[in-house]
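Asker: make a model of this:
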Amino acid sequence: PLWNALLTNAATHCPALYGPGRVGLLRTAIRQIPAYWGWLENRPKTLIHNDLNPRNTCFKRQDDTLRLCAYDWELATCHVPVYDVVELLCFVLTERYYHLRPMYLEYYRQTLHRLTGRYADAKAFRQEAGYAALDFGLHRLGLYLMAHTVSPYPFLPRVVDSYFNTLAQLRPLAS
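Answerer: Numbering: from 1, shown residues only. Next up is the predicted model:
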């Protein structure tokens with residue numbers, strides 16, 4: 001009921017962002033939660049930030065290199081490692097750079113595999129990223145949109161559009 005209520009709220013208050021096609025896609029995702037969460041439950045987990053966006057990040061210079069620093073970890077939880085990357089890319093990629101998303105995700109997969117030895121299968125990683133995107137959109141974006149109806153977030157339409165581009169690229173419901 002919660003996911004449907006959040007989606008109904010988004011469609012009611014932001015019809016330009018949540019038109020019938022987008023709502024239909026997410027209603028299908030809601031119906032498929034048991035299947036894709038069953039799949040996600042069997043994937044490796046790690047501590048994730050769960051609110052990784054430009055407001056909670058900065059770059060710190062260390063030994064002549066820039067290092068990403070994430071702060072405000074109060075929403076941290078266990079999830080698949082790619083979740084934070086999916087979220088961050090929704091926040092930082094504008095339409096002009098959507099075409100770079102697959103390259104960034106593949107770079108992350110290769111790095112994760114090099115460090116853990118657990119991500120050799122690019123297709124499975126892409127599926128994991130798609131399912132993480134569904135979770136981000138139904139949960140975090142749903143909550144953002146609920147707050148947006150009370151106190152508008154000027155950045156949110158851009159993030160929502162980037163999110164739906166993520167789904168178009170990853171096609172998690174086609175699996």
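
Asker: which of the helices or strands spans the closest residue to residue 95 other than its chain neighbours?
Answerer: With Cβ to Cβ, 6 or more residues apart in numbering as the criterion, residue 95 has its nearest non-adjacent residue at 6.9 Å, and that residue is residue 161. Using the backbone N, CA and C atoms, a C-beta is placed for each residue, glycine as well. Of the helices and strands defined by DSSP states H and E, residue 161 is found in helix 156-170.

Asker: what lies in contact with that helix?
Answerer: Under the criterion Cβ atoms under 8 Å, 6 or more residues apart in numbering, residues 14, 16-18, 22, 25, 86, 89-91, 93-95, 98, 101-102, 126, 129-130, 133-134, 136-137, 141, 144-145, 148, 173 lie in contact with helix 156-170.

Asker: stretch 137-155 now?
Answerer: Counting by Cβ under 8 Å, 6+ apart, 3, 6-7, 9-10, 13-14, 17-18, 26, 29-30, 33, 50-51, 87, 91, 156, 159-160, 163, 167 sit against stretch 137-155.

Asker: which of those are buried?
Answerer: Buried positions within the contacts of stretch 137-155, assessed by neighbour count (16 or more other Cβ atoms under 10 Å), are 3, 6-7, 9-10, 14, 17-18, 26, 29, 50-51, 87, 91, 156, 159-160, 163, 167.

Asker: for the protein, what spans make up the strands?
Answerer: Secondary structure of the chain, counting by DSSP state E: strands at 46-48, 57-62, 65-70, 77-79.

Asker: in space, what's closest to residue 106 - neighbours in sequence excluded?
Answerer: Nearest residue to residue 106, sequence neighbours excluded (Cβ to Cβ, 6+ apart): residue 122, at 7.0 Å.

Asker: now residue 170
Answerer: The spatial neighbour of residue 170 that comes closest, neighbours along the chain excluded (Cβ to Cβ, 6+ apart), is residue 130 at 3.7 Å.

Asker: filter the contacts of helix 156-170 to the buried ones?
Answerer: By 16+ other Cβ under 10 Å, the contacts of helix 156-170 give 14, 17-18, 22, 86, 89-91, 93, 98, 101, 126, 129-130, 133-134, 136-137, 141, 144-145, 148, 173 as buried.

Asker: remind me which residues of this structure are low pLDDT?
Answerer: Within the chain, the stretches with pLDDT under 70 are 175.

Asker: where do the helices of it begin and end?
Answerer: 2-13, 20-31, 33-41, 82-92, 101-116, 122-136, 142-148, 156-170 (DSSP state H).

Asker: with distance to residue 72 added, can I get those in CSV?
Answerer: As requested, those are exported to CSV (distance: least, Cβ to Cβ, whole Å):
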stretch, distance to residue 72
helix 2-13, 22
helix 20-31, 27
helix 33-41, 25
helix 82-92, 13
helix 101-116, 22
helix 122-136, 17
helix 142-148, 15
helix 156-170, 17
